[in-house]
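[1] Attaching a predicted model along with its sequence, questions to come.
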Amino acid sequence: MISRALKTLGFLLAPAALGALPLLGLSAADPAQPALAAGTIPLADVPYLPGSRIPISVGGFSPPFDVGVLGPGTFAGGVLSLPMRISPGDATIVAGNGNGLAMRTFRLAAPPPRDDALIAVAAYGNGVAFHRADTFASLGILATGGAPSDVAFDAEGTLSATDTDGDALTQASLAPWGVRAIPSVPEGDEIAVDPRTQDVLTTNRDVDGSGALTRVGHDGTVSRVATGATAEGLAVDSMHDRTYVADVNDGSVAVVRTSTMRVIGKISTVARDFSLALSADGSRLYVVSNQSLGSPFGAAGRVVAIALDAAKPHAVAISAALEFPLGIALDEKRSRVFVTDEAAHRVYVLDATTLAPVRAPLATCQVPWKPTFDPIGDRLYVPCARSNRVDVFDARTLARVAGAPFRTAEYPLAVAVWHPPA
């Protein structure tokens, strides 16, 4: 298959190479032979990082087709896999059959530096995009072979990314650069790192008919527990050995003892409890009801604060009706929560105690998804799924940071920030 595709590429680049035609079932002497369709191969416009697994599709003619690569990488099972060590530059992929030809040149990048502050963006359409935290400059994209919905760094600088449509967790270490896929993590949604054990925890929207929580240890061992209907939001309380999971389709939050991966309780909260945030001391859990009067749910969205330090968990504050709230982030230093609104394209700024607005909402780009508050950089990051951008606000002034919103890969859903050890 490779030799055929390379000869076809030679035909594309040098018309005199007519020997490629018979390989495609064509004849240079047959004027009745229909013209080949010019196909397209959609790839990211930014350079790909070593270890990328790039799904290859072709538009313009039907499969099956042969594929070849001029440059590093191997193609199998519909995926182009790049080696772990590549030199920055260009590579070309070609696909062809008796009906058409397609060719695409793409760029290759060096691994991101561990000693610089980095932003990693879970981009559903392409993979994990890396940017410099100071200038927002693009460093490249790690294609994971799937559709990431969330990302998180551990204390060593290892990044973990979910695959919301697949069954593997991708991990990338910064120094030395290395990428591995951990199987048996199906339909991963949100992700977090337990700061005590450095284990990775991810919600699974559906496993055998139920939402679930999966824990991945440093050695790659996987354990899982069913939690309820459609697990989405996630909050980890390392101090009390608990993980909270929002089961969006049964209106409850499952309480899991993290060390044993057993459900030890259920908290009734709000309908469509989509996103969670937790206070550092584990006493307050914030829950977003992802509803809207104008949506098929026909009910207002809200945020509710649950007291966990009482004999029985109960609501202690509830926000006013919000248009279509989705994600939440907590700034404990200033006692406020940030809530994104996917319909109004804004970020609500609420008092963490009363959930009353403390100022007018922040206007942002289209369809803001899961916000991230970075206490070290003192910034709020807002990925905007429809704009292919990430907005950034100074947490002290709530003014937009210069250079924001910056362009990133397709359909960004979440952000993680890496700060190198001092």
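    The structure has been received and is ready for your questions.
[2] does the residue lying closest to Asp331 once chain neighbours are set aside sit in a helix, a strand or a coil?
    Leaving aside its chain neighbours, Asp331 sits nearest to Phe373 (5.2 Å; criterion: Cβ to Cβ, 6 or more residues apart in numbering). Backbone N, C-alpha and C define where each C-beta goes, glycine included. Recorded secondary structure, Phe373: strand (DSSP: H, G, I helix; E, B strand; the rest coil).
[3] Please list all residues in contact with Phe373.
    329-331, 338, 379-381, 395 (Cβ atoms under 8 Å, 6 or more residues apart in numbering).
[4] Same question for Pro361.
    For Pro361, the contacting residues are 341, 344, 346-349, by Cβ under 8 Å, 6+ apart.
[5] out of those, which are buried?
    Burial by neighbour count, judged by 16 or more other Cβ atoms under 10 Å, picks out 341, 344, 346-349 from the contacts of Pro361.
[6] Now Gly178. Nearest residue, chain neighbours left out?
    Nearest to Gly178 is Met84, by Cβ to Cβ, 6+ apart, at 6.3 Å.
[7] Just to check, that neighbour is in contact with Val179?
    Yes - counting by Cβ atoms under 8 Å, Met84 does reach Val179; the two are 6.8 Å apart.
[8] any shared contact partners between the two?
    With Cβ under 8 Å, 6+ apart as the test, Met84 and Val179 both reach 50-51.
[9] neighbour-wise, which of those two wins?
    Remark: of Met84 and Val179, Val179 carries more neighbours, 21 against 12, as counted by other Cβ atoms under 10 Å.
[10] Quick check: bridge partners of that one?
    On the basis of DSSP bridges, Val179 is bridged to Ala172.
[11] need the contact list for it.
    Contacts of Val179 by Cβ under 8 Å, 6+ apart are 50-52, 84, 142, 170-173.
[12] how distant is stretch 157-168 from the center of its chain?
    8 Å (Cα atoms, centre = their mean, to the nearest Å).
[13] among the contacts of Phe373, which are in strands?
    329-331, 338, 379-381 (DSSP state E).
[14] quick one: low-confidence parts of the stretch 201-350 of the chain?
    Within the stretch 201-350 of the chain, not a single segment meets pLDDT under 70.
[15] Please, where are all the strands along it?
    Along the stretch 201-350 of the chain, the stretches classed as strands by DSSP state E, counting those that start in this stretch are 210-216, 222-228, 231-237, 242-247, 252-257, 262-268, 273-278, 284-289, 302-307, 314-318, 325-331, 336-341, 346-351.
[16] quick one, which of those strands is nearest to Thr203?
    strand 231-237 (4.0 Å; Cβ to Cβ).
[17] what does the closest one contact?
    189-195, 201-205, 211-213, 242-248, 254, 258, 273-278, 282, 285, 287-288.
[18] can you give me the angle that strand makes with strand 284-289?
    Computed by axes from the mean of the first three to the mean of the last three Cα atoms, to 10 degrees, the angle separating strand 231-237 from strand 284-289 equals 170 degrees.
[19] Strand 231-237: how far from the chain's middle?
    Taking Cα atoms, centre = their mean, one finds the center of strand 231-237 at 16 Å from the center of the full chain.
[20] What of stretch 89-108?
    With Cα atoms, centre = their mean, you get 27 Å for stretch 89-108.
[21] Show the end-to-end separation of that stretch, please.
    Terminal residues of stretch 89-108 lie 5 Å apart, using Cα to Cα, to the nearest Å.
[22] change the start of the numbering to 10 and stick with it
    OK, 10 is where the count begins now, so the last one is stretch 98-117.
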